[in-house]
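> just a sequence and a predicted model for now, questions to come.
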Amino acid sequence: METDTPPSEPRQTEPGAGSLLRQAREEKGLDITAIAAELHLDLSTVEALEADAAERLPAPIFVRGYIRSYARRVGLDEHRVLAAYRQPAIEEEPVPVRRRRGPATALPLASLLHLLGGLLKKLVLLALLMGVVWLVFLAYEYWQKQTEEPAALTPQTLSLPPAGEPLNGDRDNMMETPPALPQPEPETQPPAVSPVPEVQSAVTAEPPAATPATMELGLTFAADSWMDVRDASGKKLLFGLVKQGASRTLDARPPVKLVIGNAAAVSLTVNGHPYDLSAYNRNNVARLTLTE
């Protein structure tokens, strides 16, 4: 007796990881293109993932990462989806996957660095320019100061001795040869006295009164003046430049020869009495000889 054996029903297989992900996406009404953009994957890679097409996917180590991200996005348990992933028996070499480039974040930083670099260069150039301008200003101020300084030591012009005479007061470096002096002006000589015949007398005549051995000269300087004062022996009592405001007192044995530069600024006294130099002043240089 024959019995009918019902045909065996086809074995139902459990859905793979890709099917679970696709089903969850469709239930949420999400577009596959949007999912690919959010996961930064190519659209072809997401399609192969949902179709469980292992031959079109990279190595399993990468696919597992895709599944985790996809499962979290559509609200599935990533461990459950990974358990449904049918991993190929032989893992292939990792294949580089072209990811969609996300929003560029380095570009603003590069632009900022470029802007800061340009600004720094401008600041350095500006600092160098200011330094050059400041140096030019200092040089101009120094030059102006040098040109505005008075040439003379005092407002009154100092007449120097004629050519050939010393010009400074360095006694060690002065020429020992005295300056050429003009011949003294003729002085009135006392009238000749006829010799008195000697008279034999028992009384010895008294010797005549002796002239003073020295005379006192007082010099006061209202401005810088050049002096050359020599006594009867030719000794230099005062020689060189005397500064304004100074005063000198000299004891000299006559005759005393004087050469006074800038004579208008010099006051002379002889034995305490003022002596007028105006009669001897020629071009503000006085030359005279004092005998008493």
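Yes, it's here.

> wait, what's in contact with the closest residue to residue 264 other than its chain neighbours?
Distance criterion Cβ to Cβ, 6 or more residues apart in numbering; nearest residue to residue 264, sequence neighbours excluded, is residue 284 at 5.8 Å. The C-beta positions use only the backbone N, C-alpha and C, and glycine is treated the same way. The neighbourhood of residue 284, defined by Cβ atoms under 8 Å, 6 or more residues apart in numbering, consists of 159, 261, 262, 263, 264.

> now residue 250, nearest residue through space, not along the chain?
residue 217 (4.4 Å).

> typed the wrong thing, it's residue 226
Nearest to residue 226 is residue 261, by Cβ to Cβ, 6+ apart, at 3.3 Å.

> these two touch, right, that neighbour and residue 221?
No. Using Cβ atoms under 8 Å as the test, residue 261 is too far from residue 221 to be in contact (10.7 Å).

> nearest to residue 291, of the contacts of residue 284?
Closest approach to residue 291 among those (Cβ to Cβ): residue 263, at 19.5 Å.

> in contact with the closest residue to that closest one other than its chain neighbours, which residues?
Excluding its sequence neighbours, the residue lying closest to residue 263 (Cβ to Cβ, 6+ apart) is residue 286, at 3.8 Å. For residue 286, the contacting residues are 258, 259, 260, 263, 266, 277, 280, by Cβ under 8 Å, 6+ apart.

> may I see the residues you listed arranged in JSON lines, with neighbour count, pLDDT and distance to residue 137 as well?
Below are the contacts of residue 286 laid out as JSON lines (neighbours: other Cβ atoms under 10 Å; pLDDT from 0 to 100; distance: Cβ to Cβ, whole Å):
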{"residue": "258", "neighbour count": "26", "pLDDT": "95", "distance to residue 137": "52"}
{"residue": "259", "neighbour count": "24", "pLDDT": "94", "distance to residue 137": "49"}
{"residue": "260", "neighbour count": "27", "pLDDT": "95", "distance to residue 137": "47"}
{"residue": "263", "neighbour count": "23", "pLDDT": "91", "distance to residue 137": "46"}
{"residue": "266", "neighbour count": "21", "pLDDT": "94", "distance to residue 137": "45"}
{"residue": "277", "neighbour count": "16", "pLDDT": "91", "distance to residue 137": "51"}
{"residue": "280", "neighbour count": "20", "pLDDT": "93", "distance to residue 137": "53"}
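
> mind listing which of those are in helices?
Taking DSSP state H, every one of the contacts of residue 286 sits outside helices.

> residue 290: which of those residues is nearest?
Nearest to residue 290 among these, with distances taken as Cβ to Cβ, is residue 258, at 7.0 Å.
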